[in-house]
Each structure stands twice: as structure tokens, then as C-alpha cells.
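1. Predicted coordinates and the sequence they were generated for:
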4 protein chains.
Amino acid sequence: MSELVRFSVSIDGDLLKRFDRQIKVGGYPTRSKAVADLIRDGLVEEEWKKGKEVAAAIIMVYDHHKRDLSRRLTHIQHDYHDLIISSQHVHLDHDNCFEIVVVRGVAKKIRKLTRALKAAKGVKYTSVATASTGRGL
Amino acid sequence: MSELVRFSVSIDGDLLKRFDRQIKVGGYPTRSKAVADLIRDGLVEEEWKKGKEVAAAIIMVYDHHKRDLSRRLTHIQHDYHDLIISSQHVHLDHDNCFEIVVVRGVAKKIRKLTRALKAAKGVKYTSVATASTGRGL
Amino acid sequence: MSELVRFSVSIDGDLLKRFDRQIKVGGYPTRSKAVADLIRDGLVEEEWKKGKEVAAAIIMVYDHHKRDLSRRLTHIQHDYHDLIISSQHVHLDHDNCFEIVVVRGVAKKIRKLTRALKAAKGVKYTSVATASTGRGL
Amino acid sequence: MSELVRFSVSIDGDLLKRFDRQIKVGGYPTRSKAVADLIRDGLVEEEWKKGKEVAAAIIMVYDHHKRDLSRRLTHIQHDYHDLIISSQHVHLDHDNCFEIVVVRGVAKKIRKLTRALKAAKGVKYTSVATASTGRGL
């Protein structure tokens, strides 16, 4: 985090009114935080498109009764050990597991790991929450 | 369009530098236009979520050789005539047609029409470009 | 369109029941059409990621009172004339225009054109409905 | 998981060829797993739209130097304690934290919690990986 700087914006008055209402409903402390969040969302999207180093959480829902699945998922994750920060496991019910794999690395490799986990027999669902490493945000 | 108003924003200096670079690469004339665009994107997204009156283009790719398809698509569109502004047809090649249906109405009804077109036998693909009616944007 | 072929799928009985319910509610004529649609959606997504030749509709909402905007939008579109199949114009109200630009070409170039239109002063909103050329779908 | 059942699908031969190539590249063990995954993706999407009980991971990037932020985030999370299964914390670098909040509940409430976390001063970025509880998947 560097120093705060100030700049001014000219926009249509009705548009600003609508933005202010949205900010208020969203519980935002200030317009500045709301504008900065919009800017940051755009920058993170760009980092992913351009293949920069990013961070993410890959989540999986799977049936742990499936023979050999845990071993296989561990095996896949070890192939990408340089990418993976941590793995967390949640028991959803008697059959279903929820696993969160926190990763950091280039977008392409994160997508490759996601595809490998998704293809494993017994994995029912995968999705990815995309973020950035926080640097320059 | 009402009058222009001015407000100021305080954000991290490094973040502003990154935003300025993005603006420049994107060919944006001013920071104000860039900030206003981010605000408008958020407002249009909200209009769709809240089920307000919006505008959109539904596109379809279909095989016009499919028996009775044109008649069926016209029939479906007439069921939603109050929603549809216009229909445009493009010949992609010998087999494939590309049809653009411009609509205006509540989000829920637009989704219902899209589903009906998508389910028609011979329609291979549908997608929707979401926009707003432009009022208060 | 080549000949129809037949293949069989083994899935969990409860999953199939849920799928059948979804198909029925969606008004789908057959399971085969529903499965084919899912496959096609995945293939079109891949074509966009891989930068193949695709088709799309770019939509814009803009204020036609903005000085010189029509001329500027026409100018930008001419820079991409090899990409553009057609342009259609709809009057949303006294101030707002809705323009649909139907394009065909590589994904990267379509995104570049979209960015150029989006950056033009007076353009309030843009979005893209992605499709394919229909070949092999 | 109930018993496996078998059903057959008729689709265009060229389309099946393209699907088989995609399956092979993706490392999928069988066509049945690939088709089941497409069906499951559609069902989970629907669960979110219809406001059913779902599961998700909310991720945040924030600056832990920000005064009082940890206390505030803990406070917000306690307001939603019936929704939250676990919270995990990762140190990205000297300044940036990455927090993963695993939740289970109705979609609307998960979105409300996400918005509350997003609005907190010092939180730079949030996103959500959507999943289901795994039941009937």
C-alpha cells in the first residue's frame, strides 16, 4: 500500500445519484472505497486474462465412498505442489465431501489443475473463485 | 442525461497508476468516462438481478433445413410479441442461420423467451447480450 | 449436419430423474436434444477460449445527442469492416439508441472491436452475446 | 448415490466426434462421466437461481494492517454463524491476507454475507466459488 492520492471525476448527476443509492444499500463506508473496488475488480479480471501470477480457491464436491478417489486427488495435487498453498476438507454429509484447494500461480496452470481434478472419477462438481495475490491492488 | 457533476475520490497511489495504464491501453478519452463505465456496468447488472425493465439481444444459431423450424420460431416469437422490438436474420453458410432478436421487458420474461427458443428442435445454440433501456445510465 | 449416431450413457438414477424434470420444465422435446445442447455449449466456450473463428453480436447503448458520436462509431466499424456482417439500429427513447453489430472472425479481434466501441465517448454500455459459426455444431 | 441407470442418446456424428476429442484432451475416463458432469453443472446453476440450499467458498484478499479490520470481519462472520462452516487464513505476503470462508445455506443469504464482507474497509477483493451440497448430484 502506497500513499493515498486524490483525483476528481465528472459524471452525469442522475448517474451519481443512482450510484450513491447503490453504495448506501451495499453498506459501503465511502464513495472512494466503492470506486476503488470497481477498479480493482477490473484489474483482477485483466490479470487472469493476461496470464499473470494470481491466487484462487478451487472447490470440489465429491463422493468419498468412491474407491481410490482420495488417493487419486492427493496424487494429482502433488503433481501441482508448487501451485498449492493448502487443502481443506469439509464433511457435507455421510456421502459428500467438500474440498477447498488454495492456489497461487499463473492462471493457465491453475486451470490445468482444475481440469485434472474435475476429470477424476467420483468428483461431482468443481468451481473456481478467482482472486489476485493482492500486490498493487 | 442530466447535468454533469463533480466529485473527488481518494485511492491508493499505486492502484491509480495501474488504472491509468489500463485506461490508456483501452483507448479511453478520460478517467471520468472510465469510472462512469464501471458504475454503469454495476447498475445494469443490478437491474437484471432485481427484475427491472431491461433491453437485450438474444442470438440463435440454427439449421434452417430442419423441417418446420422457421415456422416454429416465428410462432414462439409471436407469443412474446410485446417483448420483441425486432428480429434480424443472417446467413452464416449453406446450412447455418444466425438470428438476432432484440427485446425489451422484464428480465424474467426475456429469460423465458430465451429458454423457449433454445428448446426448439433444430436450434443449436443461444446466448444473450444483456443491456439496459439506457434510462438513468 | 452429418448422420445421427447413437451412444449410451450410464449415470446415477437420482441424477437422471433430476435431469428429466429439468428437461420437462424447459420444454425440451427429447433427452438427446438436451444432451446435445450441453455438449454444444461446452464446445462453443472452447472455441472462444482457443481463439477460433466465431460469431457474435456486440450490443451498445448510447446517447445519440453526443456530438459526433455516430460518425465516430461508423468510423470505428469501418476499421473492422472485414469482421462486421451487419449493423442494426433501434431507438429506445428520445435519447437512447441501441445498436447491434453482428460479427464473425477470431475471438481476439472481436474483443478488440468491442473495446474500441466501449471506449467511445457517449457509449454508455456494451456487451457481447457469444456464439459460433455453427460449423460442426 | 443411487444405482446406475443406462439411457441412450442420438446426436449428430460430427458433434460426437468433437465431444470425444474434447473428452480425451480433458483426461476424462468415460463419456458417461463427461455427460454426467455437464448435467450436474446445469443442475447446480439452477439450484443457485432458485434459491435452494447450496454450498460455496467466499474468498477475500485484504490488507491486515488496516486498523480494526480483523475484528470487523470476525464480527460480520458471527452475524452469519449459522451459515459458516469454517474460515481459513493464508498469508500471501507481508501485507496481504487471503481468507476463505466455507458456507452452506440459501443462495440469497450467502450473497448478503459476501456483500457485507466486500464493503468492509480494507477488503480489496472478494469472489465466490459456487457449489451445491452434493445431495442428488
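-> Yep, that arrived. Because the structure is predicted, anything quoted here is derived from the model rather than measured.

2. Just the mean pLDDT for the longest helix along chain A, thanks.
-> Longest helix in chain A, counting residues (DSSP state H): helix A:31-49. The pLDDT scores in helix A:31-49 average 96.

3. what about it and chain B, touching?
-> Yes - interface with chain B: helix A:31-49 contributes A:31-32, A:35-36, A:38-43, A:46 (Cβ under 8 Å from any Cβ of the partner chain). Where C-beta positions appear, they are placed from N, C-alpha and C, glycine not excepted.

4. Can you turn the buried part of the residues you listed into a ChimeraX selection?
-> With 16 or more other Cβ atoms under 10 Å in any protein chain shown as the criterion, this ChimeraX line picks the buried residues out of the residues of helix A:31-49 next to chain B:
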select /A:31,32,35,36,38,39,40,41,42,43
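
5. how does chain A divide up, domain by domain?
-> Taking automatic domain parsing as the criterion, chain A consists of the domains A:13-49, A:53-132.

6. Quick one: closest of the ones you listed to residue C:103.
-> Closest approach to residue C:103 among these (Cβ to Cβ): domain A:13-49, 19.4 Å.

7. Just give me how far that closest one sits from the chain centre.
-> Counting by Cα atoms, centre = their mean, to the nearest Å, domain A:13-49 is centred 19 Å from the centre of its parent chain.

8. any chance you could map the strands in chain A?
-> Per DSSP state E, chain A carries strands over the ranges A:4-12, A:53-63, A:84-91, A:96-106, A:123-132.

9. Quick check: closest non-adjacent residue to residue A:65.
-> Leaving aside its chain neighbours, residue A:65 sits nearest to residue A:95 (6.2 Å; criterion: Cβ to Cβ, 6 or more residues apart in numbering or on different chains).

10. Residue A:91 too?
-> Using Cβ to Cβ, 6+ apart and skipping residues adjacent in sequence, the residue nearest residue A:91 is residue A:97, 6.3 Å away.

11. Report the separation between the one you found and residue A:88.
-> Distance of residue A:97 to residue A:88, computed by Cβ to Cβ, to the nearest Å: 11 Å.

12. With residue A:27 instead?
-> According to Cβ to Cβ, residue A:27 and residue A:88 sit 28 Å apart.

13. same question, residue A:31
-> According to Cβ to Cβ, residue A:31 and residue A:88 sit 36 Å apart.

14. what's the answer for residue A:115, then?
-> 21 Å.

15. Tell me which of those two has more neighbours.
-> Between residue A:115 and residue A:88, counted using other Cβ atoms under 10 Å in any protein chain shown, residue A:88 has the larger neighbour count: 17 against 14.

16. Would you mind listing what in chain A touches chain B?
-> Proximity of chain A to chain B (Cβ under 8 Å from any Cβ) is limited to residues A:1-16, A:18-19, A:22, A:31-32, A:35-36, A:38-43, A:46, A:136-137.

17. quick one: residue A:61 and residue A:122 touch, right?
-> No - counting by Cβ atoms under 8 Å, residue A:122 is not a contact partner of residue A:61; they are 10.3 Å apart.

18. Name the residue in those two with the higher neighbour count.
-> The neighbour comparison of residue A:61 against residue A:122 (other Cβ under 10 Å) goes to residue A:61, with 24 against 19.

19. For chain D, see how far away the more buried one is.
-> Distance of residue A:61 to chain D, given as Cβ to the nearest Cβ, to the nearest Å: 4 Å.

20. same deal with residue A:87?
-> 10 Å.

21. Which positions are bridged to that residue in the beta structure?
-> Per DSSP bridges, the residues bridged to residue A:87 are residue A:101.

22. Hmm, residue A:101 and it touching each other?
-> Yes - the pair residue A:87 / residue A:101 is scored as a contact, 5.2 Å apart, by Cβ under 8 Å.

23. any shared contact partners between those two?
-> Counting by Cβ atoms under 8 Å, 6 or more residues apart in numbering or on different chains, the common neighbours of residue A:87 and residue A:101 are residue A:77.

24. So those two - more neighbours on which side?
-> Just comparing residue A:87 and residue A:101: by other Cβ under 10 Å the higher neighbour count belongs to residue A:101, 26 against 15.

25. OK, contacts around that one?
-> Counting by Cβ under 8 Å, 6+ apart, residue A:101 touches A:57-60, A:77, A:84, A:86-87, A:113, A:117.

26. what do you get if the cut-off is 10 Å, keeping everything else the same?
-> Going by Cβ atoms under 10 Å, 6 or more residues apart in numbering or on different chains, residue A:101 touches A:56-60, A:73, A:76-77, A:80, A:83-88, A:110, A:113-114, A:117, A:126, A:128, D:100.

27. now do residue A:6
-> A:32, B:8-11, B:13, B:16.

28. Got a quick PyMOL command for the buried subset of the contacts of residue A:101?
-> Of the contacts of residue A:101, the buried ones can be selected in PyMOL as follows, counting by 16+ other Cβ under 10 Å:
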select buried, (chain A and resi 56+57+58+59+60+73+76+77+80+83+84+85+88+110+113+114+117+126+128) or (chain D and resi 100)
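
29. Give me the neighbour count for the residue nearest to residue A:108 when sequence neighbours are not counted.
-> Spatially, and ignoring its direct neighbours in sequence, residue A:108 is nearest to residue A:51 (5.7 Å; Cβ to Cβ, 6+ apart). Neighbour count of residue A:51, defined by other Cβ under 10 Å: 12.

30. same question, residue A:66
-> Neighbour count of residue A:66, defined by other Cβ under 10 Å: 18.
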